[in-house]
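Peer 1: got a sequence here, can you model it:
(3 chains)
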Amino acid sequence: MTQSKSTADAAKNDSTGAITRLKALFAGNDVFLILIAFVVLAAIASPSFLTAANLSNLLTQSALLGILSVGQFLVVVIGGFDLSVAAVMALSSLVFAKTIGYGFAPAAMLAIAAGAGCGIFNGLVVTWGRVQPLIATLAMMGIARGLALTISERSVLVSAPLIADLRDMGGFLSVPTVIWFIIVAIAAVLLASTRQALHVFAIGGNETTSRLAGVAVEKVKLGVFATSGLLSGIAGVVLVIRSNSGVPLGGSGWELDTIAAIAIGGTNLFGGEGKLLRAMAGVLIYQLIANVMNLMAVDPYYQNIVRAAVIICAVGLSILRLRSASRRAILGR
Amino acid sequence: MDQPSQPLLKMSGITKTFLGVQALKGVDFDLVPGEIQCLIGENGAGKSTLMRVLAGALRPDAGTIAIGGDSFAALDPMLGHRVGIGMIYQETDLVLPLSVADNIFLGHEITRGGSILRKGDMRPVVAELMLDLNLHFSPDTLVRDLGPAQRQLVQIAKALSRKIRILVLDEPTAALTDNEIGYLFSLLQRLKAQGIGMVYVSHRLNEVMEIADRVTVMRDGERVVTLPIGAVTKDGLIAAMVGRQVDTDARTASHRTDKLVLSVDNLSVRGQFSGVSFDLRQGEILGLAGLVGAGRSEVLECLFGVTTPDSGRITLFGKEVRIGSPIQAIRLGLGLVPEERRESGLVLGRSVEENIGFPILRRLSRWLVIQRSRLAGVAADLIGSLSIKTPSARQQVATLSGGNQQKVVIGRWLAANTRILLLDEPTRGIDVNAKFELYQVIRGLTAKGVSVVMASSELPELLALSDRILVMAFGRTVAELDAATTDQVEIMRHAVVRPQETTAGEAA
Amino acid sequence: MSIMTNTLAKTTARDARRLLADHAILIILLLFIVFAAIVSKGRFIQIGNIAVILFQCSVIGVLALGQTFVMLVAGIDLSVTTVAILAAVVMGAGGSEEQQQMNLAGILPFLGLVPSIVVAIVGAALIGLVNGLAVVTFRIPAFISTLAMSLALSGLAMLMTGGSPIHYPNAFFSAFGAAKLLGLPSTVYVFAILALACAFFLTRSHIGIMLYAIGGNPRAAGLAGIPVRTVTVLAYVVCSLLGGIAGFLFLARTGSVAPTSGGGLLLSTIAAVVVGGVSLSGGKGTIQNAVIGTLLLAGLGNLMNILLVSPHLQDAISGLIIVLAIMMNVRLNPAS
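Peer 2: Next comes the predicted model:
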């Protein structure tokens, strides 16, 4: 879409056409360029970065955050925030770990259903209850984390052999990585091709206009929160596969990490705009920074500082983008 | 149209009351297939209220809406789409971050199984619509990247993309150049040939004369007349819009003195108004006439420091001043009674007393503590002198009638010792008796040496109260008239004309 | 005459209904106390237990007071709990006998007790100033700018402590926390005095009237000559300042502080205010009701303790009740 916009620009003003075309090549793809730049920097900074083992590890580490970020992406695009993604994941991981005795599939279904249930609850509170998403999901964060810790205060080790197999399966691409990729692939296809996805963007862009045009705003919102919950549920199962246990405190603070990651990926934090693949590149950049700091044995508390700085920069960047966009809109062309 | 075909739309006895004021008083309106009916009237005549009822954005108190064979007591947006009503709003009704194509089909996308978008099927439709409107850019362009005129045209394409039988256009040409207007009109002619009935709301009488089959004039919430275009002249239409004769007795003795208090020289705010100049003398009432969008409110807001001028000079009591904020304006002796009383004039949830006291709170407090007895004293004085009808000074201002609410806003400025009062549509939405009380209040102020600038769409009111009347059109002052010698027709004639310079400026 | 009595009767009925609506939260609190007394077989209303509830709610209560200011101008401060923790870290490290190693907090012991308290409180107010200016001048939505501030501050707390708790702050704090007057701990008096001061400020000062006006209709308030931006910034400063004081109380109550201590505080704080009927869209709410909301939630937690509900399940139940309360609040006050 950016391409065609700039094509129009180019047609309008031939003298700057070449520059415009050049800009078009890079505009909006800055996230991928940044990712590449970071990879290069990381390779220089740490010789152990560009090893297959580390890259595989980086992807596996990104998988959970990535799956949660897909849900967060949808919620942010529709104009909200989901602060409950990480807590719901933890809850789901415990449901899975505690019920795996009944078989892998039923337990996984139950865990994912628990996640989806939390999401539907969020959606109902937001649509029917008219509570701001931020507050609704903040409360859900408390509920889900509380329930997770009620089920077990400590991590629940899973001894099912299937889990161990899944954990060791796959070479360069681990099972969590593959699940993440599959989810992203499905989501990308659905986002590009379905009416409902278009409506998510439309509602985030202008809710009143969407309503007047006959978009079922409430239903779509409910669907988005349910999907985010569902993905958190899947992330819970993946968490167990990755760590061999259900972790009640799993993903503490990740709710903000997901927001920061997709903000790095160019998603407009005020809704209506964003590209899933770029958001996922944002996840990789975010994880890569942590990975490199680990490789370089940076003190954990400095890591926290860096993390906070990255989040603030990402959010600030998002605000700046919005301001320049609105200025453009005011001035016309 | 000799054999009146089955009307496409028949609205009968539509009544709508807002907060005790009748905006529509049993209006009948009908539209036949293949006609363009223009709807004209002064600001506040009820045109847009009627159209909002038709769009389903408002629920009428009484009356029926018959479309084709079906009759409804009220519509909603969904029902409107289903019966084939297309609305083109004056303000942008598009999702900015989405593409033109996505906007056009929003809400009625062509899908497979209700989910999968069939872009291949939608694309040719979009392309054809855009061609019809002479829009030569990619349908994938984001609406955000379009200018106002292009956005307006996309909105029209959006309405046309549905199966419509009735199309309502509310001031569709406000953002368009003559060239674009030409395309729009030829398109409307084609739609007419397809049997679509169109309601065209406009202030621009030239356009009306060019395009209408019939013209309906509304005034004071009633339909005055519906005539075929062959039977009307521009002057006739102006006379019908204006209607009421001024009650000459209502004209008041002037308290105008020779002392110059405010002098505005060549004031401009980009995108709002330009080159506005006028003088104001002590005790004078200067009327500001003009249609919606002429820039009257914007001038008042600029004087009150809400916006900063891009150029021009303001001289107040002999000293040139820069007014950067309302607080500064108040300190200089200005007070604004804004157009939208409930949205901008009052904090509805707070008491009469507090609403009166807002500008002088600091003066009424010692250290930090507000001296409630002094506040109550100020409020009691004003409630008495303006005869504000309220159970008590502690009453929530939301519970008062419109006229009394307006007196609270005016009272606030009396409490603050305002010397120049800026009134923006002071009697809008206020019933007749309360209006007269307000007139007396305003007169009483000038007797005390307060000067007034009053923007109003009620010409009789302007003629009765003002000393002089400044007419604005398209962001410029186009005439300065002596209220004693002018009349409504003359004012309207100036107000509906587009000054030549702006046309040239916009076309460039 | 009969018309007059009729109107009078109508007015009385309307007044009664409004009275009921205005005091709904108080009535709920009273009903809850009765319910809790019955369920706990009287233990809930023993003087000792009530003192415990008050002791427990003083930190959240003070935070809720600040949050009320910000919410009155239709804002929200997500950083106020982090401000409290950071302030507690600075105070705790200042004048501490414990030698902190390898981090910024190691510098603080040289500050001494009183200077460190002053630094913490003034710092808190400055943070509020930044929050307010961000909202007013850059027009960044409050929840985003204060969220970012919260992150930055927790980073700073980490930097200062190296992530480890401050176990042995100056003995003054635990002494203050343990001090009692008439059977009630000193922190309760601090909370009560601050609550009274805030209530007085909001109802009796001209700035209080301005705060309500801005929350009710910022545009109308600005056009009536109220300094909207200044007063809005002030609300954030007051909120953060109270956050700093809450940090002091936190240290006095618990005797130690870790950079991660603020976890559950934020939700409880917002919950207390919103349950108390302070509207998220601004202009509505009182200090009294925010205090009642705090007491209600603290009482609920206490009752669940008595009933031996596990603390984590308590979190979950609280979250649920909070959502229901907010939903009720939103549905009863259909603003805008």
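Peer 1: right, and residue C:56 touches residue C:305 too?
Peer 2: No: with contact defined as Cβ atoms under 8 Å, residue C:56 does not reach residue C:305; the gap is 9.4 Å. (C-beta placed from N, C-alpha, C; glycine too.)
Peer 1: which residue does chain B have closest to chain A?
Peer 2: residue B:107 (3.3 Å; Cβ to the nearest Cβ).
Peer 1: contact partners for that residue?
Peer 2: Residue B:107 is in contact with A:210, A:213, A:214, A:215, B:81, counting by Cβ atoms under 8 Å, 6 or more residues apart in numbering or on different chains.
Peer 1: where's the residue nearest to residue B:437 when sequence neighbours are not counted, which helix or strand?
Peer 2: In this structure, residue B:437 finds its nearest non-sequential neighbour in residue B:403, 6.4 Å apart by Cβ to Cβ, 6 or more residues apart in numbering or on different chains. Here residue B:403, judged by DSSP states H and E, is contained in helix B:402-415.
Peer 1: can the helix or strand just after that helix be found next to chain C?
Peer 2: Sequence order places strand B:420-424 as the next helix or strand after helix B:402-415, per DSSP H and E. No: using Cβ under 8 Å from any Cβ of the partner chain, strand B:420-424 stays clear of chain C, coming no nearer than 10.5 Å.
Peer 1: and the angle for strand B:420-424 with helix B:402-415?
Peer 2: When axes from the mean of the first three to the mean of the last three Cα atoms, to 10 degrees is applied, the directions of strand B:420-424 and helix B:402-415 differ by 160 degrees.
Peer 1: same for strand B:420-424, what does it pack against?
Peer 2: helix B:296-303, strand B:334-337, helix B:432-447, strand B:451-455 (3 or more Cβ pairs under 8 Å, 6 or more residues apart in numbering or on different chains; DSSP states H and E).
Peer 1: what residues does the second one touch?
Peer 2: To tie it back to what came earlier, the one meant is strand B:334-337. For strand B:334-337, the external contacting residues (Cβ under 8 Å, 6+ apart) are B:300-301, B:303-304, B:306, B:316, B:323, B:326, B:329, B:345, B:359, B:406, B:409-410, B:412-413, B:416, B:418-424, B:426, C:223.
Peer 1: what about whichever helix or strand comes after that strand, near chain C?
Peer 2: Remark: after strand B:334-337, the chain's next helix or strand is helix B:352-357, criterion DSSP H and E. Yes: counting by Cβ under 8 Å from any Cβ, chain C has neighbours in helix B:352-357: B:354, B:355, B:357.
Peer 1: next one: helix B:352-357 to chain centre, how far?
Peer 2: 28 Å (Cα atoms, centre = their mean, to the nearest Å).
Peer 1: and for stretch A:192-210?
Peer 2: 19 Å.
Peer 1: stretch B:455-462 too?
Peer 2: Distance, centroid of stretch B:455-462 to centroid of chain: 13 Å (Cα atoms, centre = their mean).
Peer 1: start to end distance for that stretch?
Peer 2: One end of stretch B:455-462 to the other measures 8 Å (Cα to Cα, to the nearest Å).
Peer 1: need the contact partners of that stretch.
Peer 2: B:42-44, B:242, B:244, B:246-247, B:250, B:287-292, B:296-297, B:299-300, B:339, B:423-428, B:435, B:439, B:454, B:469, B:483, B:488, B:491-492.
Peer 1: for chain B, what are the nearby residues on the stretch 51-200 of chain A?
Peer 2: So the stretch 51-200 of chain A meets chain B at A:193, A:194, A:195, A:196, A:198 (Cβ under 8 Å from any Cβ).
Peer 1: adding pLDDT, neighbour count and secondary structure as columns, could you present these in TSV?
Peer 2: Formatted as TSV, those follow (pLDDT from 0 to 100; neighbours: other Cβ atoms under 10 Å in any protein chain shown; DSSP: H, G, I helix; E, B strand; the rest coil):
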residue	pLDDT	neighbour count	secondary structure
A:193	92	16	helix
A:194	94	18	strand
A:195	94	22	helix
A:196	94	20	helix
A:198	95	25	helix
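Peer 1: list just the nearest of these to residue C:26.
Peer 2: Comparing those against residue C:26 with Cβ to Cβ places residue A:196 closest, at 45.6 Å.
Peer 1: wait, that closest one sits on residue A:223?
Peer 2: Yes: with contact defined as Cβ under 8 Å, residue A:196 counts as touching residue A:223 (6.6 Å).
Peer 1: ok, residue A:241 - contacts?
Peer 2: Counting by Cβ under 8 Å, 6+ apart, residue A:241 has contacts A:163, A:166, A:167, A:175, A:176.
Peer 1: for the most centrally placed residue in chain C, which non-adjacent residue is spatially closest?
Peer 2: By Cα atoms, centre = their mean, chain C has its centre lying nearest to residue C:64, at 1.5 Å. Closest residue to residue C:64 apart from its sequence neighbours, by Cβ to Cβ, 6+ apart: residue C:272 at 4.3 Å.
Peer 1: the one you found: how many residues sit nearby?
Peer 2: 29 (other Cβ atoms under 10 Å in any protein chain shown).
Peer 1: residue B:28 too?
Peer 2: Residue B:28, neighbours per other Cβ under 10 Å, totals 14.
Peer 1: wait, a strand at it?
Peer 2: Yes: secondary structure of residue B:28 (DSSP: H, G, I helix; E, B strand; the rest coil): part of a strand.
Peer 1: could you check how far it is from residue B:273?
Peer 2: Residue B:28 sits 38 Å away from residue B:273, going by Cβ to Cβ, to the nearest Å.
Peer 1: still on that earlier bit, only alpha carbons, please: show the helix holding residue B:403 as PDB.
Peer 2: What follows is helix B:402-415 as a C-alpha-only set of coordinates in PDB (Å, rounded to 0.1, in the frame of the first residue of the first chain):
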ATOM      1  CA  GLY B 402     -31.700  26.800  28.100                       C
ATOM      2  CA  GLY B 403     -32.400  30.500  28.600                       C
ATOM      3  CA  ASN B 404     -31.400  30.400  32.200                       C
ATOM      4  CA  GLN B 405     -28.300  28.400  31.400                       C
ATOM      5  CA  GLN B 406     -27.300  31.100  28.900                       C
ATOM      6  CA  LYS B 407     -27.900  33.800  31.600                       C
ATOM      7  CA  VAL B 408     -25.500  31.900  33.900                       C
ATOM      8  CA  VAL B 409     -22.800  32.200  31.200                       C
ATOM      9  CA  ILE B 410     -23.500  35.900  30.700                       C
ATOM     10  CA  GLY B 411     -23.600  36.400  34.400                       C
ATOM     11  CA  ARG B 412     -20.200  34.900  34.700                       C
ATOM     12  CA  TRP B 413     -18.800  37.700  32.600                       C
ATOM     13  CA  LEU B 414     -20.700  40.300  34.500                       C
ATOM     14  CA  ALA B 415     -19.100  39.000  37.700                       C
END
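Peer 1: other SSEs contacting it?
Peer 2: Using 3+ Cβ pairs under 8 Å, 6+ apart, helix B:402-415 sits against strand B:334-337, helix B:352-357, helix B:372-385, helix B:432-447.
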